[in-house]
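Chemist: Got a predicted structure plus its sequence, pasted below:
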Amino acid sequence: MVDSVLYDLGKALATLAADKLLVGVREEGEKLRWKLIKIKSGLADAEKRELMMEENVKSWLDLLKDVVYDIEDVLDDWTMEVKLANKGKPKDDDIDQNEIAAGSDQKENKVCFSSCIPTPCSCFKPIKTVKSRHDIARRIEAINVRLDEINKLKNDYKLQSLIPRVLTTSFGEVKQLDAQTIMKQKVKALLRPAQGTDGGSKIQIILLVGMGGIGKTTIAKIVYNDADVKSHFNKLMWVCVSDSFNKMLVSKQILNSLRGNKSSDPEVLQQVLGEIHKFIEGKRFLLVLDDVWTENYGDWNGIMSSLSSCLPGSRVLVTTRNHRVARAMKTNVTVHVNELPEEECLSLFQHFAFSGRGESERHNLENIAQEMAKKCRGLALAAETLGRAMAFKATKREWEGVLKSNLWNFEDKEAGLLPALSLSYIDLSSPIKRCFAACSIFQKDQIMLKNDLIWLWMGLGLLGSETGQMEFVGEDYFNILVARSLFKETVEGDIYGVKMHDIIHDFAQFLMKNEALLFSGDGEAVNELIRLDKGSTKIRHLTMISRRSQLLTLGIDHDLKRLRMLGIEAPNCELSDVEGVLAKLSCVRVLRINRSWMRSVVPSGSIGKLTHLRYIDFSDCHNLKELPESICDLFCLQTLNIDGCSDLEKLPKGMGKLVNLRHLYNWNSAAQLPKGMERYLSSLQTLSRLDVGESQLDINHELLGLGDLQNLNSLQGMFCLRGIKGGMVEVEEAEKAALQSKKGISSLSLVFDRVDDDGVYSDDEGVMNRMIHRLKVLEALKPHKDLERLYIEGYNGQSYARWISGDWLSNVKQITLVFADPASCLP
């Protein structure tokens, strides 16, 4: 998980070293960049050997990770100053040099920004610039000394570029379980369908999909070696494809399976495919493609064409961890391989662990075996690997020692004991590895929402530095983790998200054991607080689900200055407790304070000093009344989540200073937004909700209104307008909002104010005018034609807008109408 960090740092340092202004930094920065490049060559080997429990390699990686975090801090300090200098000052033609109007020409309603937004002069006075350069150079010089030692150890440990993958074959010991027998019968039925149910296809492709180590290859072997299967097919072929797809190599393996490895191989791909076509002609075959990763249909084109000379009824059985392989293979026949039942997991574990033991010894170890099998959570490979390892543990005392230790610490076990999960993990790219490991901060069985994960990864700097692409990169990483079964999709009520299997969560915690701590406030976790004493500086991610006294202890007794992520869920804590904790932070990028009952979750004096903050999550702080104005000094802030802050009345006036803000998630919060922020938040992609009813009564023009949406054309995802009325003014505002130009909005909710417009329309003619005006408002709120979901509540206009009933919404999947006036003509 260090590789991607080094890649990003190498690019950043190259820019740093090339900058002619950075005379004091250039030499040390260049040294650092080249040392990182040298170290990078052994990272893949180190990460694999770490999973094989090589203590010296684990220690080496810990040293390297610690240095990399320090390098990131150095670069972040510098680049933030540069950003403030280059981008902090608004353009002369945009605003007055001394103040920004909050939307009114009245002087008293203007919000002063000049004292808050740093200018090049205020940020880089000569003395401070020299001091900053000297500090950067000094810190990099110290890091270079540490890297020299790390590079020496790399050579001592003989870290290589790559370790070859272990290939599978159709042979090998197989312990067949009841669940696998049922799965075998299911697959056999697909291999030999009833007459006339083939759909006229010569070749049918069947996918076995599941997480690594769950038993897909085992089931494929059982089916492949079944006597009925062998008699049904003229030719059987087994090919281990693996992650590094090579069309020539796969084709040669197929050819060698057909002819029994008797002849020399052709060296031209077309010749190999021609030979396959010839050998397979007039035969019914079964081809097993084990461990397929490629998602590119073009990789299979030629191979599948070469097999087309076969007899009808031929089958290709594919095992994969990646659901998206189905699209590449052009098949809709998918068999999902699930976890083993508990009793069968125990049976598999005992099959290997009890091998060669007498009846008395088995009986003596039976209870421990049951507990160990539970730790495998139904994963076949976990049960087999752990069972094989325990076969070498001779005494009951040794077994008890393993049982009492953390399953994923593995300090005392032979190489190869990390089962299932290491297979799925090792094959991920380094950036995705970091994103997966970061999920260790969540509780077990917790639903994780896609956007929350992407915002977290962004805040931690795991999605690269290309600001326009971060969300797309994050979504791709999320989908890969789902496709490879490390995330499991789940729906609970109206909440859609993902969970991690308990054993996968344990694995993520194992990967981050020296960097992340999830503190739940129980007795065992209290003991873990000793890891945060002043001599331990490696903890970078801390989540606390705690009572007030424990949070108070954390603020007083422990060194938190290197934390990157702090999460607090402490309903009964006091503001002073949080003050004590925040005062000790200096590098934090992500701050999550959830489900607190404090009226103010952050002290005004502390929050503005956390200049590295990218992501703030105050969700479900129901009693929160206000946010401090100093929050608007957080120049780097990308995401602010206030969902569920039901008592929050308004956001600070200086929100427009947050020029890097991309996501303001306020779906279940009625907080009013300040006018003027729309002029400077050009990067804003998420604005979940805008309550326009209050803005209609805003005589001082201090609140963001419907017409102010005009310039927010980057909005995406869900968007809700609440409190819509039906006056002439609102018709004009709705037209100015220009929803039609906001093509990123996929789900639009329009909630009309059902009150009779404050009694303005009292007679029949007035009521009719109101209905006409509401129709005009709805017509003006015409969304982009790519809208997928539309929700309208409380509408009682003369009729529905033409864009609803016409062909405009050609891509819409769902339209919901709630509390619609019966007099309105339904579309």
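Modeler: Ah, there it is.

Chemist: Kindly list the longest helix within this protein.
Modeler: Scanning the chain for the helix with the most residues, using DSSP state H, yields helix 55-87.

Chemist: Give the buried residues for that one.
Modeler: Buried residues in helix 55-87, counted by 16 or more other Cβ atoms under 10 Å: 57-58, 60-61, 63-78, 81, 83-85. (Each C-beta comes from the backbone N, C-alpha and C, glycine too.)

Chemist: next one: stretch 473-485
Modeler: Those would be 473-474, 477-478, 480-485, for stretch 473-485 by 16+ other Cβ under 10 Å.

Chemist: got a list of contacts for it?
Modeler: Here stretch 473-485 makes contact (Cβ atoms under 8 Å, 6 or more residues apart in numbering) with 209-212, 214, 321-324, 424, 427-428, 431-432, 435-436, 450, 453-454, 457-458, 463-464, 466, 487-489, 498.

Chemist: Mind doing that once more with 6 Å?
Modeler: The set of residues external to stretch 473-485 that reach it, using Cβ atoms under 6 Å, 6 or more residues apart in numbering, is 211, 321-324, 424, 432, 435, 450, 454, 457, 463, 487.

Chemist: Next: stretch 497-514.
Modeler: So stretch 497-514 is contacted by 62, 377, 408, 421, 437, 439-440, 444, 447-449, 486-490, 538 (Cβ under 6 Å, 6+ apart).

Chemist: Now do the end-to-end distance for it.
Modeler: 28 Å (Cα to Cα, to the nearest Å).

Chemist: how far does that stretch sit from the chain's center?
Modeler: 13 Å (Cα atoms, centre = their mean, to the nearest Å).

Chemist: list the buried ones in that stretch?
Modeler: Using 16+ other Cβ under 10 Å as the test for burial, stretch 497-514 gives 497-501, 503-514.

Chemist: rewinding a little: which of the contacts of stretch 473-485 count as buried?
Modeler: By neighbour count, with 16+ other Cβ under 10 Å, the contacts of stretch 473-485 hold 211, 321-324, 424, 432, 435, 450, 454, 457, 463, 487 as buried.

Chemist: Sketch out the low-pLDDT regions of the stretch 501-650 of the chain for me.
Modeler: By pLDDT under 70, the weakly predicted segments of the stretch 501-650 of the chain are 502-503, 520-537, 546-558, 573-574, 601-605.

Chemist: the helices in it, which residues?
Modeler: Taking DSSP state H, counting those that start in this stretch as the criterion, the stretch 501-650 of the chain contains helices spanning 502-511, 523-528, 548-557, 575-582, 604-607.

Chemist: and the next element down the chain from the helix or strand containing residue 735?
Modeler: For residue 735, the element it lies in under DSSP states H and E is helix 728-737. As assigned by DSSP H and E, the chain's next helix or strand after helix 728-737 is strand 745-752.

Chemist: next one: that following strand to chain centre, how far?
Modeler: 26 Å.

Chemist: angle of it against helix 728-737?
Modeler: Per axes from the mean of the first three to the mean of the last three Cα atoms, to 10 degrees, the angle that strand 745-752 makes with helix 728-737 is 180 degrees.

Chemist: Name every strand pairing with strand 745-752 and say which way it goes.
Modeler: strand 717-724 (parallel), strand 789-793 (parallel) (DSSP bridges).

Chemist: can you redo the ones you listed as CSV with mean neighbour count?
Modeler: Compiled in CSV, the strands paired with strand 745-752 are given as follows (neighbours: other Cβ atoms under 10 Å):
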stretch, mean neighbour count
strand 717-724, 20
strand 789-793, 18
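
Chemist: Pull the number of nearby residues for residue 734.
Modeler: If you count neighbours by other Cβ atoms under 10 Å, residue 734 ends up with 24.

Chemist: give me every residue that touches it.
Modeler: 706, 777, 780-781.

Chemist: will you turn those residues into CSV that also has secondary structure and neighbour count?
Modeler: Output for the contacts of residue 734, formatted as CSV (DSSP: H, G, I helix; E, B strand; the rest coil; neighbours: other Cβ atoms under 10 Å):
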residue, secondary structure, neighbour count
706, helix, 27
777, helix, 26
780, helix, 20
781, coil, 23
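
Chemist: thinking again about what came up before, any chance of TSV for the strands paired with strand 745-752, columns distance to residue 188?
Modeler: Below are the strands paired with strand 745-752 laid out as TSV (distance: least, Cβ to Cβ, whole Å):
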stretch	distance to residue 188
strand 717-724	45
strand 789-793	43
